[in-house]
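*Asks:* Take this sequence and fold it.
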Amino acid sequence: MRIPGRTGGIAIAFCAALLLLAAAGPAGICAAGAPAKPGTQIDRHIPALQDSTDLGPAIYSFNERYKYDLMPADSALYGTPDQFRILYPNEYWNDRLGKITNEDGSLAWLTSQDMLALARMFDLTGERWYLDWLGKYAEGTMQARDDIAGKKDQEGRLDPGWGSTRYGNQERRIYLVHSGLIVEATLEYVIRARKVEGIDSKSLDKLVERCRETLIYHDYQLDPGSPPGETAYLSGREEPDRKDTWQPYNRQNLLGRDFYLLYKLTGDESYRTRSEKLYTFFKHHIELTPSDAYVWEYEPIRFAKGPIQVASCDDISHATYTIEPVIAAARENFVFQQTDIQRLANTFTKYIYVGDGVFQTSMGCRVNFTPREMDRLYAWLPVSEADPRVYWLLHRFYLHNVAKPVPLAIAYFAIFRPKGMAGIDTRVK
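*Replies:* Numbering: from 1, shown residues only. You can find the predicted model right below:
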């Protein structure tokens, strides 16, 4: 199936880019990729203002890979609780429960995201089935922690984290980002389980304490020279060759979310303060563009001086781990507000979606298409609460290109579906 309006999409989008380049004039063309002078209206992050030799190949590569030709048997079922239960029944969860491991990083990058999907689906449906499976995974996850499982790191320590030998020359190391992802999913379980009758409170308290142990373990990576009112983590011994560099934003923000959840569960104000300082660090390192959108780099530059001018934007995949904690904070007006979600939605509609059903995989400083970074495209769905267009653009893309969305993608489609379609143009254009 070809969606109306996609025929000739390469030529249309490419020509549109050239027209915009021409309209920008010599200043717009010469300024591609460079900061605009104060007071000008040139938005250096709009893809069409970049070198057109980047835009054409990116659109071509996207269209070669994604044909919009998948026709689901029942499109009304797509992105619903029913689809979730059909694609991911008891057998799926039971089979993987006995295979929990972070040796290859899968507990952090895959299983933790499945756990978040169970949490979101429980919120949406109230069905105990989701919470029960989430609880089993939370307990199984903790049993796999290195100090409990008896797995020593490369220096012979039994650390309170989930080591991996996939990275770092096959040496067993505990990575900040892995801890952030796994602890988040576990604490999200406890937040919900404490409100449900029949779940042992002592077992929940133990999970919280063990999550706290993991988070505090990483205190050795805190930068004593963090900017006033902010907190930042260094790479430390997990990446010895860059031990004195700041961790990327996605890793820092995950810890910001974890400490906020820990505060909610314990009432300890020190955890709230830690969360606030981590979020503030990110807030002070993002750039607000003339299009009222946010852009940021993959990682901050330590000791950088002057106003933030993003030169190399993050990719759309790593960026999702950065924004999800921010959106959660914004919903509670903690450091961030609803306007920040709107600006993230603008990032998507102005810099990631380039029209005619095409998405590019750099946030905006340049035009790029890297297929593997499309795997997390669904994780931009939370910004659709500020702009429903994001939802329908992603729904159409997934409906016609992805036969079996991952559990968290289904959960997001089910949760963020706009209440009504009135006034929303759902066509790809």
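
*Asks:* For the spatially most central residue of the chain, which non-adjacent residue is closest in space?
*Replies:* Centrality entry for the chain: nearest residue to the mean C-alpha point is Thr320, 2.0 Å, by CA atoms, centre = their mean. Nearest residue to Thr320, sequence neighbours excluded (CB to CB, 6 or more residues apart in numbering): Ala379, at 3.5 Å. Heads up, the C-betas are built off the backbone N, CA and C, glycines and all.

*Asks:* residues contacting the spatially closest residue to Thr111 that is not a sequence neighbour?
*Replies:* Leaving aside its sequence neighbours, Thr111 sits nearest to Ile100 (CB to CB, 6+ apart; 6.3 Å). Ile100 makes contact with 107, 111, 137, 140-141, 143-144, according to CB atoms under 8 Å, 6 or more residues apart in numbering.

*Asks:* Looking at those residues, which one is closest to Phe397?
*Replies:* Taking CB to CB as the measure, Phe397 lies nearest Thr111 of the contacts of Ile100, at 25.5 Å.

*Asks:* Roughly how far does Ser179 sit from Arg331?
*Replies:* 24 Å (CB to CB, to the nearest Å).

*Asks:* repeat for Ala403
*Replies:* Counting by CB to CB, the gap from Ala403 to Arg331 is 32 Å.

*Asks:* ok, now Gln337?
*Replies:* 10 Å.

*Asks:* and if you look at Glu127?
*Replies:* In terms of CB to CB, Glu127 sits 23 Å off from Arg331.

*Asks:* cool, His45 as well?
*Replies:* 26 Å.

*Asks:* out of the two, which sits in the busier spot?
*Replies:* Neighbour count, other CB atoms under 10 Å: between His45 and Arg331, His45 has more, with 26 against 14.

*Asks:* mind checking the SS state of that one?
*Replies:* coil (DSSP: H, G, I helix; E, B strand; the rest coil).

*Asks:* Hmm, Cys365 and it touching each other?
*Replies:* Yes: using CB atoms under 8 Å, His45 is in contact with Cys365, at 6.0 Å.

*Asks:* anything in contact with each of those two?
*Replies:* 295, 310, 313.

*Asks:* Test my guess that Leu70 contacts Asn401.
*Replies:* Yes: shown here, Leu70 and Asn401 form a contact pair, counting by CB under 8 Å, at 5.7 Å.

*Asks:* more crowded one of the two?
*Replies:* Taking neighbours as other CB under 10 Å, Leu70 and Asn401 compare with Asn401 leading, 17 against 13.

*Asks:* mind giving me the domain split of this structure?
*Replies:* 1-73+286-315+334-429, 100-284 (automatic domain parsing).

*Asks:* So for Tyr88, which of these sits nearest?
*Replies:* Of those, nearest to Tyr88 by CB to CB is domain 1-73+286-315+334-429, at 5.5 Å.

*Asks:* Before I go, just wanted to say thanks for your time.
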